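[1] Predicted model follows, preceded by the sequence.
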Amino acid sequence: MAASTNSPATEGAFTLTRVFNTPRDVVWQAWTEPERLKHWWGPKGFRWVQATLDLRPGGLFHYCMRSADGREMWGKFRYHEIMAPERLVFVVSFSDEQGGTTRHPMSATWPLEVMNTLTLSELRGRTTLTLMGIPHNASEEERHTFRKGHLGMQQGFKGTLDQLEEYLGRARA
């Protein structure tokens, strides 16, 4: 029997990797500066409405987006670790306008919080982005819902990272 590569801390983790033909410092800026984030962050079909960003441990990125049919969606990142330009650790949650934590608008059993670790490494001017997310302070039911949602998260992040790639292409031009 093969040994599991997951530790108890990462079991059920969602991980994705993407390579960008862009230097790491530029990708880092795209993740940490609101004037850049507004051009790409969020699901396809949503428009950036507003955001505040306090990039420090304990700081908050709190944002609002609007869907094509006019629905507003609030979210937030609470930063835990910042090691420019290579690593961000942050807890992601759905939110209300005041910054309170709310449930996923379409899933009563989605984890309230997901701990994300974003790492950026550079080789010859190309940046490899790795994002790993694990439920944080979650029940077994929430962890199960998260594991079942990996395919949907792959598809959603593909769209978001496609938008990042398009933005980076425009920023280089």
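    That came in fine, so what should we check first?
[2] could you point out the longest helix in the chain?
    Assignment by DSSP state H gives helix 150-172 as the longest helix of the chain.
[3] Pull out the buried residues from it.
    For helix 150-172, the neighbour count (16 or more other C-beta atoms under 10 Å) marks 157, 161, 163, 164, 165, 167, 168 as buried. Yep, even glycine has a C-beta here, placed from its N, CA and C like the rest.
[4] Dump those into CSV; add pLDDT as well.
    Listed next are the buried residues of helix 150-172 as CSV, based on pLDDT from 0 to 100:
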residue, pLDDT
157, 95
161, 97
163, 97
164, 97
165, 97
167, 97
168, 97
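[5] now, among those residues, which is nearest to residue 97?
    Set against residue 97, the nearest of these by C-beta to C-beta is residue 163 (23.9 Å).
[6] Tell me how far the closest residue to that closest one other than its chain neighbours lies from residue 71.
    Of all residues beyond its chain neighbours, the one nearest residue 163 is residue 40 (4.2 Å), with distances taken as C-beta to C-beta, 6 or more residues apart in numbering. According to C-beta to C-beta, to the nearest Å, residue 40 and residue 71 sit 20 Å apart.
[7] Those two: which has the busier surroundings?
    Comparing residue 40 with residue 71 by other C-beta atoms under 10 Å, the one with more neighbours is residue 40, at 20 against 10.
[8] Contact partners for that one?
    Listed by C-beta atoms under 8 Å, 6 or more residues apart in numbering, the contact partners of residue 40 are 30, 160, 163, 164, 166, 167.
[9] Would you format these as a markdown table with distance to residue 128 included?
    Listed next are the contacts of residue 40 as a markdown table, based on distance: C-beta to C-beta, whole Å:
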| residue | distance to residue 128 |
| --- | --- |
| 30 | 15 |
| 160 | 17 |
| 163 | 18 |
| 164 | 13 |
| 166 | 18 |
| 167 | 18 |
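[10] wait, doesn't residue 17 sit right on residue 129?
    Yes. The pair residue 17 / residue 129 is scored as a contact, 6.8 Å apart, by C-beta atoms under 8 Å.
[11] higher neighbour count, these two?
    Taking neighbours as other C-beta under 10 Å, residue 17 and residue 129 compare with residue 129 leading, 21 against 10.
[12] Give me the pLDDT for the residue nearest to residue 36 when sequence neighbours are not counted.
    Using C-beta to C-beta, 6+ apart and skipping residues adjacent in sequence, the residue nearest residue 36 is residue 30, 4.6 Å away. pLDDT recorded at residue 30 is 98.
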